[in-house]
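> here is the input, now give the coordinates:
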Amino acid sequence: MAEMNVRKGDNVMVIAGKDKGKAGKVLAVRPETGRIYVEGVNIVSKSKKPRNAQDKGGILKQEGAIDSSNVMHICGECGGVVRVRHIKEEQNGKMKSVRVCAKCGASLDEKKTSAKRAAKKAAKKKTAAKSKKED
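Below is the predicted model:
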């Protein structure tokens with residue numbers, strides 16, 4: 001399987017399938033199968049049988065795996081859904097591959113911001129640009 005652009009903790013938006021348009025944080029990545037688990041996406045029901053007297057059984061709701069090709073990154077800087085580019089940077093005397101936003105060039109490997117915070121930041125940036133035009 002080829003190297004995946006998605007890592008645990010990334011903010012992504014689903015671009016295909018029944019949950020198209022939903023955004024969430026990547027909970028787990030399975031590179032051998034090319035599938036990922038995203039918070040609040042592809043919720044499946046699983047039956048659990050009680051194994052002893054104290055254990056509760058019932059129907060559990062949990063995230064199911066989706067293919068990594070069905071998601072795109074949400075950039076923390078520009079707030080949009082973007083493709084990922086890989087560039088080589090020198091860090092501590094070694095060349096290292098770094099993931100960057102294809103639109104604005106911001107690093108996607110640095111601190112992770114929540115999807116809601118990124119959307120709020122993009123909205124704030126738009127209103128600031130709008131008020132600047134009015135002046």
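> who touches Met95 in this structure?
The contact partners of Met95, taken as Cβ atoms under 8 Å, 6 or more residues apart in numbering, are Lys88, Glu89. Where you see a C-beta, it was placed from the backbone N, CA and C, and this is true even at glycine.
> so for the helix or strand harbouring it, mean pLDDT?
Assigned by DSSP states H and E, Met95 belongs to strand 94-101. Average pLDDT, strand 94-101: 90.
> try stretch 104-117
73.
> pLDDT score for the residue of the chain most remote from its centre?
Distance from the centre of the chain peaks at Ala53, with 39.6 Å (Cα atoms, centre = their mean). Listed pLDDT for Ala53 reads 90.
> now Met1
55.
> quick one: contacts of stretch 81-88?
So stretch 81-88 is in contact with 5, 13, 15, 72-75, 95-104, 108, going by Cβ under 8 Å, 6+ apart.
> re earlier: secondary structure element for the residue farthest from the centre of the chain?
For Ala53, there is no enclosing helix or strand under DSSP H and E.
> buried subset of the contacts of stretch 81-88, written for ChimeraX?
To isolate the buried ones among those in ChimeraX, judged by 16 or more other Cβ atoms under 10 Å, type:
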select :5,13,72,73,74,75,99,100,101,108
